[in-house]
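K.L.:
here is a sequence with its predicted model. Questions after.
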Amino acid sequence: MSAQLAVNGGDPAVPETLGKPWPIFGALEERLLNEVLTSGQWWRGGYADDGDSKVGQFEAAFARFQDAEHAVAVTNGTAALECALKAVGIGAGDEVLVPAATFVASATAVLLVGARPVIVDVDPRNYTIAPAAAAAAITPRTRAIMAVDYGGMPCDMAALDALGRRHDLAIVSDCAHSHGSQWQGVGTGALGDVGAFSFQMGKTLTTGEGGMVLTNSQELADRAYSYHHIGRIRGRRFNEFHVPATNLRMTEWQGTMGLAQLTRLAAQTEVRERNATYLAGRLVEIPGVAPLWRDPRVTRWGFYFWHFKFLPEQWDGVTCAQFRRALAAEGVSCGTGHTQPLYQHPLFAGRMVVGGEGHPPATPDAAKAVDFRRLDCPETERIYATEACSLQHRLFLGPRGDMDRVLAAIGKLWAHQDELRQVAV
Ligand SMILES: Cc1ncc(COP(=O)(O)O)c(C=O)c1O
């Protein structure tokens with residue numbers, strides 16, 4: 001019998017490229033970049049008279065887009081997280097709850113401010129931090145919850161806010177994936193105490209590299225400002241420094257790119273969400289796969305990657321890894337998100353002591369050993385090993401017909417399980 005599946009040499013179900021290439025740019029980006037070039041003003045400046053800077057305009061525009069009152073633009077998303085943690089006062093001796101399913105920077109930023117990430121499991125319905133797991137991990141040293149909008153899916157902010165209020169914890173949102181997302185009509189980054197965005201090139205709003213801290217608190221915004229501007233205080237003399245801090249200033253190149261890309265974001269978010277809603281609705285017609293649960297309080301979903309579930313128990317011995325590999329060969333590139341639970345990275349692999357070699361100094365109390373090898377987040381482990389399938393946001397920028405092609409490719413795999421079971425991974 002000749003091979004049907006593309007992974008075995010058959011014809012792919014989707015020979016054409018889906019979605020759009022990323023990033024998307026045009027004459028606007030060229031014009032604005034050229035404006036910066038010829039202005040000779042390539043850095044933001046000292047901020048004393050900042051109204052005209054591109055970065056200042058981008059801060060105001062992006063904060064408005066996400067419903068936040070204040071913004072501090074920085075060099076990248078990891079720096080934005082660090083800045084956000086500094087703003088809420090996290091430091092040596094503190095613990096921050098971080099979900100096991102996320103990019104490593106959510107936890108690295110905690111280490112970089114001298115605190116300890118306490119890694120907790122996620123809600124299997126939507127892969128965001130499980131409020132019950134977070135509650136169970138609270139100790140007298142816990143100071144904050146890192147609410148990662150994984151893939152762009154907003155966390156259960158009602159539950160996390162309640163937990164935060166009960167235990168006096170700051171809610172720091174990692175919004176690196178959630179540009180455009182809304183929870184109960186309010187943009188991410190304007191929820192909780194402070195939010196941190198990434199504008200790295202793959203993100204749905206990109207400046208190549210870049211990041212931003214958003215908050216509704218003037219006090220937190222001022223602290224973030226000082227931390228990203230070498231310890232200056234807003235409105236004070238340029239040569240006056242108040243706290244030990246670093247330089248995370250965004251350049252005018254990035255600011256102008258942010259302004260240009262932002263003009264495209266609302267329409268792109270709408271197209272992606274329309275296509276994803278259609279795909280989710282039709283996916284339930286195919287056995288063996290299912291969309292993630294979308295909480296009805298998620299009023300807009302601006303996703304970075306779109307997860308769906310492979311349901312191993314419904315397949316006759318086929319694994320998720322075989323499925324993903326074969327789907328990619330059919331022309332639908334498919335990943336897992338971030339491949340493994342946070343604590344399985346080499347960074348956490350040894351018996352690590354916060355404050356030990358290679359880590360920031362910590363108080364004697366915080367220098368207690370944490371054996372990350374003994375950590376066990378069963379849902380996150382199961383999700384990455386057997387269930388998670390993620391599609392890139394650019395796949396959703398084309399016509400609805402592209403979604404039908406994705407469905408056809410998945411349906412083809414379901415119909416050829418005998419062949420799929422033999423696929424090497
Ligand atoms: C969840 C999450 N947080 C933080 C970051 C860090 O952002 P950056 O790469 O801009 O430093 C990323 C980057 O992809 C991310 O996925």
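P.N.:
That came in fine, so what should we check first? Here the structure is a predicted model, which means the values were calculated and not measured. Numbering: from 1, shown residues only.
K.L.:
quick check, pLDDT for I171.
P.N.:
pLDDT, I171: 98.
K.L.:
strand partners (parallel or antiparallel) of the helix or strand encompassing it?
P.N.:
Per DSSP states H and E: I171 is located in strand 170-174. Strand pairing for strand 170-174, using DSSP bridges, gives strand 142-148 (parallel), strand 194-198 (parallel).
K.L.:
and the contacts of that strand?
P.N.:
Outside strand 170-174, the residues within contact range by C-beta atoms under 8 Å, 6 or more residues apart in numbering are 81, 84-85, 88-90, 96, 102, 106, 143-149, 155, 157, 160-161, 164, 188-189, 191-196. For glycine as for every other residue, the C-beta is placed from the backbone atoms N, C-alpha and C.
K.L.:
how does it look with 7 Å?
P.N.:
81, 84-85, 88, 102, 106, 143-149, 160-161, 164, 188-189, 191-196 (C-beta atoms under 7 Å, 6 or more residues apart in numbering).
K.L.:
so which of those residues reach the ligand?
P.N.:
Contacts with the ligand within the contacts of strand 170-174, counted by C-beta under 6 Å from any ligand atom: L81, T102, S106, V148.
K.L.:
just the ones in helices from those, please.
P.N.:
L81, S106 (DSSP state H).
K.L.:
now the ones next to the ligand among the contacts of strand 170-174 in CSV, with neighbour count and pLDDT?
P.N.:
Formatted as CSV, those follow (neighbours: other C-beta atoms under 10 Å; pLDDT from 0 to 100):
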residue, neighbour count, pLDDT
L81, 33, 98
T102, 27, 98
S106, 29, 98
V148, 28, 98
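K.L.:
for E29, which non-adjacent residue is spatially closest?
P.N.:
A260 (4.6 Å; C-beta to C-beta, 6 or more residues apart in numbering).
K.L.:
kindly report the same for A385.
P.N.:
Here the residue nearest A385, using C-beta to C-beta, 6+ apart, is C320, at 7.5 Å.
K.L.:
so that neighbour makes contact with F308?
P.N.:
No - contact criterion C-beta atoms under 7 Å: C320 and F308 do not qualify, at 11.1 Å.
K.L.:
dihedrals phi and psi, the residue nearest to A385?
P.N.:
Backbone geometry at C320, expressed as degrees, to the nearest 10, gives phi -60, psi -40.
K.L.:
and it, what does it touch?
P.N.:
C320 neighbours (C-beta under 7 Å, 6+ apart): F310, P312, T386, E387.
K.L.:
for burial, what's the neighbour tally of the third one?
P.N.:
Other residues lying near T386 total 15 when counted by other C-beta atoms under 10 Å.
K.L.:
surely it and Q314 touch.
P.N.:
No - under the criterion of C-beta under 7 Å, T386 is not in contact with Q314, lying 11.9 Å apart.
K.L.:
against V14, how distant is the closest residue to G45 other than its chain neighbours?
P.N.:
Closest residue to G45 apart from its sequence neighbours, by C-beta to C-beta, 6+ apart: S53 at 6.2 Å. Using C-beta to C-beta, to the nearest Å, S53 is found at 45 Å from V14.
K.L.:
near the ligand, which residues of the protein?
P.N.:
76-78, 81, 102-103, 105-106, 148, 174, 176-177, 198, 200, 211.
K.L.:
so which of those residues comes closest to Q268?
P.N.:
For the residues of the chain next to the ligand, the minimum distance to Q268 (C-beta to C-beta) is 14.4 Å, reached by H177.
K.L.:
so that closest one makes contact with G152?
P.N.:
Yes - at 4.4 Å, H177 and G152 qualify as touching, with contact defined as C-beta under 7 Å.
K.L.:
which residues do these two both contact?
P.N.:
Residues touching both H177 and G152 (C-beta under 7 Å, 6+ apart): F303, Y304.
K.L.:
what's stretch 292-303 in contact with?
P.N.:
Here stretch 292-303 has contacts from 125-127, 151-154, 156, 177-185, 204, 269, 272-273, 276, 307-309, 393, using C-beta under 7 Å, 6+ apart.
K.L.:
narrow those to those that are buried.
P.N.:
126-127, 151-154, 156, 177-183, 204, 269, 272-273, 276, 307-309, 393 (16 or more other C-beta atoms under 10 Å).
K.L.:
longest helix in the protein, please.
P.N.:
helix 252-283.
K.L.:
next SSE downstream of that helix?
P.N.:
Criterion used, DSSP H and E; the element after helix 252-283 is strand 289-291.
K.L.:
quick one: pLDDT of the residue in the chain that the ligand sits nearest to?
P.N.:
Nearest residue of the chain to the ligand, counting by C-beta to the nearest ligand atom: G77, 2.4 Å away. On pLDDT, G77 comes in at 98.
K.L.:
list the contacts of the residue lying closest to it once chain neighbours are set aside.
P.N.:
Closest residue in space to G77, ignoring its immediate chain neighbours: S198 at 2.5 Å, by C-beta to C-beta, 6+ apart. The neighbours of S198, taking C-beta under 7 Å, 6+ apart as the test, are N76, G77, A80, A176, G211.
K.L.:
mind pulling up the pLDDT for S198?
P.N.:
98.
K.L.:
who does it bridge with?
P.N.:
G211.
K.L.:
and the gap between A73 and L265?
P.N.:
Using C-beta to C-beta, A73 is found at 16 Å from L265.
K.L.:
between the two, which is the more surrounded one?
P.N.:
A count of neighbours by other C-beta under 10 Å puts A73 above the other of A73 and L265, at 29 against 17.
K.L.:
which residues sit in contact with that one?
P.N.:
Neighbouring residues of A73 by C-beta under 7 Å, 6+ apart: V55, F58, E59, M212, M250, G255.
K.L.:
M157 now?
P.N.:
M157 makes contact with W183, L191, G192 under the criterion C-beta under 7 Å, 6+ apart.
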